[in-house]
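Chemist: Only the shape, not the letters, is given here:
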């Protein structure tokens, strides 16, 4: 690929079940699984976005456990994946870390169909063709709110058949999206 | 698709870190994530294979929690996915539940390259063309042992680039495999 591709897992702002905006808690396996998928597909950074310092500290503890703790000795392949993880307090901080909002392409993901969708085929081609960095946004809980979707450059088409059952975990959705966008053949 | 496609998550026999055969413990999110991926892609059954009765009982408790417990009220979309889960004590029991070993095609998955690989493109075509049921085997821990790979009709090509970092979680690998084999377009 030509473009740098990063992933952000957003814990705030996200939707609650009733459609209001909320902050979700960190899920241990989100950190692991998405880091391993990111590393497998050559993603540059995996940003875990959380506004609460104690939750960011929890993520750092998880990482430390696998990088310098006993688990790192037991499964040494986990460390290189967790090296990609960066905990930041907001999407604005992620944009800044990527070189500024104006210089990157932000692609949001959503399980529900939306207007102005970017197909995976077009997105894959765009990554190969255009050097501007890409940031893929994934929402926890009930997904990314309208404000975040509207601030993105594009919304990727939903994975799966939206008319039928379509409730993938964010871990599965991220794995499938990376495979569709970045697999070598 | 034409063929019935089922998934089995194998906890025994699987490989331990040192290459010996072992039995792994059930991971809560394996039950959830793979059930949700299976339901999204129209998989007929998700077999959780474990020889230890207490571990099978744990899986049934997880399912009950989401189907009739308070969590089922909170997230009602989880129940229909967990309806696909069937706990059985061995692969032989899975084969019997699918109508007998001789009537099904068993495709094993492995992270490492192997001889006689079935490409995802050929497998996808075969599912569309041939009515014989397909059982996809996924190993927990360090993967499926040689005996299981040898007993399969085919081994699917590894996901990701085996020459580089390739340590997807079984949840991510299963999601990607189902997307490659069963996505509608």
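Modeler: Cool, got the structure. This structure is a prediction, so every number in the text was calculated from the model and none was measured. Residues are numbered from 1 along each chain as shown, chains lettered A, B, ... in the order given.
Chemist: List, one by one, the residues from chain A near chain B.
Modeler: Residues of chain A lying near chain B by Cβ under 8 Å from any Cβ of the partner chain: A:17, A:29, A:32-33, A:36-37, A:39-41, A:74-75, A:77-78, A:80-81, A:159-161, A:165-169, A:171-176, A:179-180, A:183-184. Using the backbone N, CA and C atoms, a C-beta is placed for each residue, glycine as well.
Chemist: Pull out the buried members of these.
Modeler: Buried by 16 or more other Cβ atoms under 10 Å in any protein chain shown: A:29, A:32-33, A:36-37, A:39-41, A:78, A:81, A:159-160, A:165-169, A:171-176, A:179-180, A:183, out of the residues of chain A next to chain B.
Chemist: Mind listing what's buried along the longest helix belonging to chain A?
Modeler: Longest helix in chain A, counting residues (DSSP state H): helix A:53-67. Buried residues in helix A:53-67, counting neighbours by 16+ other Cβ under 10 Å, are found at A:55-56, A:58-59, A:62-63, A:66.
Chemist: Pick out the lowest-pLDDT one from the residues you listed.
Modeler: Comparing pLDDT over these, residue A:66 scores lowest. The value there is 86.
Chemist: so who does that one touch?
Modeler: By Cβ atoms under 8 Å, 6 or more residues apart in numbering or on different chains, residue A:66 lies in contact with A:32, A:72, A:75, A:78-79, A:82.
Chemist: quick one, phi psi at the residue nearest to it when sequence neighbours are not counted?
Modeler: Nearest residue to residue A:66, sequence neighbours excluded (Cβ to Cβ, 6 or more residues apart in numbering or on different chains): residue A:78, at 4.4 Å. Phi and psi for residue A:78, reported as degrees, to the nearest 10, are phi -70, psi -30.
Chemist: Now do the same for residue A:78: its pLDDT.
Modeler: Listed pLDDT for residue A:78 reads 86.
Chemist: dump the residue contacts of it.
Modeler: A:32, A:36, A:66, A:71-72, B:167.
Chemist: export those residues to JSON lines and tack on distance to residue A:106 and secondary structure?
Modeler: Formatted as JSON lines, the contacts of residue A:78 follow (distance: Cβ to Cβ, whole Å; DSSP: H, G, I helix; E, B strand; the rest coil):
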{"residue": "A:32", "distance to residue A:106": "25", "secondary structure": "helix"}
{"residue": "A:36", "distance to residue A:106": "23", "secondary structure": "helix"}
{"residue": "A:66", "distance to residue A:106": "29", "secondary structure": "helix"}
{"residue": "A:71", "distance to residue A:106": "34", "secondary structure": "helix"}
{"residue": "A:72", "distance to residue A:106": "33", "secondary structure": "helix"}
{"residue": "B:167", "distance to residue A:106": "28", "secondary structure": "coil"}
